[in-house]
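> Make a model of this:
(one chain, ligands or ions: 2)
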Amino acid sequence: MNILSFFSKIIFGSACRSTLVLKTGDTMKSSEFPFIFINSAMSADGKLSTKERKQVKISGKADFDRVDTLRASSDAIMVGIGTMLSDNPSLTVKSEDRRKERSAAGMEENPVRVIVDSQAKTPVDADIFKKGKGKKIIVVSKAAPAEKINILTQNSETKVIVADPAGTGKVDLIETAKLLRKEGVGTLMVEGGATLNEGLLAAGLVDEINIFIGNVIVGGKTAPTFADGSGFTENNLLKLELISFEKIEDGILLKWKVKNG
Ligand SMILES: NC(=O)C1=CN([C@@H]2O[C@H](COP(=O)(O)OP(=O)(O)OC[C@H]3O[C@@H](n4cnc5c(N)ncnc54)[C@H](O)[C@@H]3O)[C@@H](O)[C@H]2O)C=CC1
Ligand SMILES: Nc1nc(O)c(N)c(N[C@@H]2O[C@H](COP(=O)(O)O)[C@@H](O)[C@H]2O)n1
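Ligands and ions are numbered 1, 2, ... in the order given. I've put the predicted structure just below:
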């Protein structure tokens, strides 16, 4: 058993599928897609950050450690350009032991870091390029400026992929998932933000959701929530099945399976 299936069995149990035809909720998801799960931390009132889009500490030490285990067990971590520009995350595995376990299993210390970035706005001095070794993939649309793509690919660990078959100028998330699977991504962890979460959910790509609800209220009607974007209609709400709930420090972790279809 390699480290991925080892971690996967612990974390996802029998729900983890990467290369087989996958049973996802009530529908079949084919092997051309990775297993995709979202992990988010939200306030008790459902916010991901403040109305100024400033990152807030919702998780405590134990939850950040759980998130680190998930990162270490994933082939790739994805965020949207909104999160990149507001948080400048490094998206690295923080525990040295877990990085060593990955290396011992023949993997990069860090999962592939993936940014959904239609216009290639990722700053060349972003922390993903400065902190931690490992591959980075910037997913762009056909509207992304060639000169910006050239600058980003000067970093030898960075690959830019175009996922915009219809030429809409916006990254197509279904195409992105297929391309990532072809890049060898079996398990994709999504760490937001609000718009990307909704886009992936609306596209029917998400298998599972982990939401840690912390003991803070953020408030503000324009503060990002777990899923923003255009939202679902009254008669077409996305249905979930509760897998588990667990108290972690002063918060609660909810795990849901998404019932696609
Ligand atoms: N508490 C938590 O767990 C987390 C909180 N956040 C917070 O979320 C906020 C960022 O969220 P957002 O502004 O909504 O940005 P986001 O990170 O969801 O990125 C959205 C952007 O991605 C691009 N994009 C390209 N193609 C897309 C597609 N097909 N579907 C969706 N997006 C596409 C668009 O430019 C879009 O505006 C920040 O304030 C950040 O602090 C972010 C991650 C985790
Ligand atoms: N799990 C979790 N709990 C919180 O309280 C958070 N604020 C976040 N934020 C996410 O973590 C990213 C930062 O990652 P690095 O520490 O820079 O590696 C941030 O961008 C959010 O995605 N997550």
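> in the stretch 101-250 of the chain, what residue is nearest ligand 1?
Gly193 (2.3 Å; C-beta to the nearest ligand atom). Every residue, glycine included, has its C-beta placed from N, CA and C.
> Need the phi and psi values for that residue.
Phi and psi for Gly193, reported as degrees, to the nearest 10, are phi -90, psi -150.
> Counting neighbours, what do you get for the closest residue to it other than its chain neighbours?
Using C-beta to C-beta, 6 or more residues apart in numbering and skipping residues adjacent in sequence, the residue nearest Gly193 is Thr83, 4.3 Å away. A count of nearby residues for Thr83, using other C-beta atoms under 10 Å, gives 25.
> and the nearest residue in space to Glu249 that is not next to it in sequence, how many residues sit next to it?
Nearest residue to Glu249, sequence neighbours excluded (C-beta to C-beta, 6+ apart): Gly60, at 4.3 Å. Residues within reach of Gly60, counting by other C-beta under 10 Å, total 16.
> how much space is there between Gly60 and ligand 1?
13 Å (C-beta to the nearest ligand atom, to the nearest Å).
> Now for that residue: which residues touch it?
Applying C-beta atoms under 8 Å, 6 or more residues apart in numbering to Gly60 gives the contacts Gly214, Ile248, Glu249, Asp250, Gly251.
> Get me the contact residues on the stretch 101-250 of the chain for ligand 1.
116, 118, 170-171, 173, 191-196, 199, 224, 228 (C-beta under 6 Å from any ligand atom).
> Just the C-alpha atoms of the helix or strand containing Leu200, please, in PDB.
Using DSSP states H and E, Leu200 sits in helix 194-202. Listed next in PDB are the C-alpha coordinates belonging to helix 194-202 (Å, rounded to 0.1, in the frame of the first residue of the first chain):
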ATOM      1  CA  ALA A 194     -16.200  31.300  -1.700                       C
ATOM      2  CA  THR A 195     -16.600  31.700  -5.500                       C
ATOM      3  CA  LEU A 196     -14.500  28.700  -6.400                       C
ATOM      4  CA  ASN A 197     -16.300  26.500  -3.900                       C
ATOM      5  CA  GLU A 198     -19.700  27.400  -5.500                       C
ATOM      6  CA  GLY A 199     -18.300  26.900  -9.000                       C
ATOM      7  CA  LEU A 200     -17.000  23.400  -8.300                       C
ATOM      8  CA  LEU A 201     -20.300  22.500  -6.500                       C
ATOM      9  CA  ALA A 202     -22.400  23.800  -9.400                       C
END
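> ok, and does it reach over to ligand 2?
No. With C-beta under 6 Å from any ligand atom as the criterion, ligand 2 is not reached by helix 194-202; the gap is at least 10.1 Å.
> For the residue lying closest to Ser103 once chain neighbours are set aside, give its distance to Ser74.
Closest residue in space to Ser103, ignoring its immediate chain neighbours: Glu109 at 5.7 Å, by C-beta to C-beta, 6+ apart. Distance, Glu109 to Ser74, by C-beta to C-beta, to the nearest Å: 13 Å.
> More neighbours: which of these two?
Using other C-beta under 10 Å as the criterion, Glu109 and Ser74 rank with Ser74 on top: 28 against 17.
> which phi and psi does the closest residue to the more buried one other than its chain neighbours have?
Of all residues not flanking Ser74 in the chain, Met189 sits nearest, at 4.0 Å (C-beta to C-beta, 6+ apart). Met189 adopts backbone torsions of phi -100, psi 130, taken as degrees, to the nearest 10.
> Let me know the pLDDT of Met189.
Listed pLDDT for Met189 reads 98.
> I figured it hits Met78, correct?
Yes. At 7.2 Å, Met189 counts as touching Met78 under the criterion of C-beta atoms under 8 Å.
> So which of the two has more stuff around it?
The residue with more neighbours, out of Met189 and Met78, is Met78; 30 against 25, by other C-beta under 10 Å.
> Right, I'll call it a day here.
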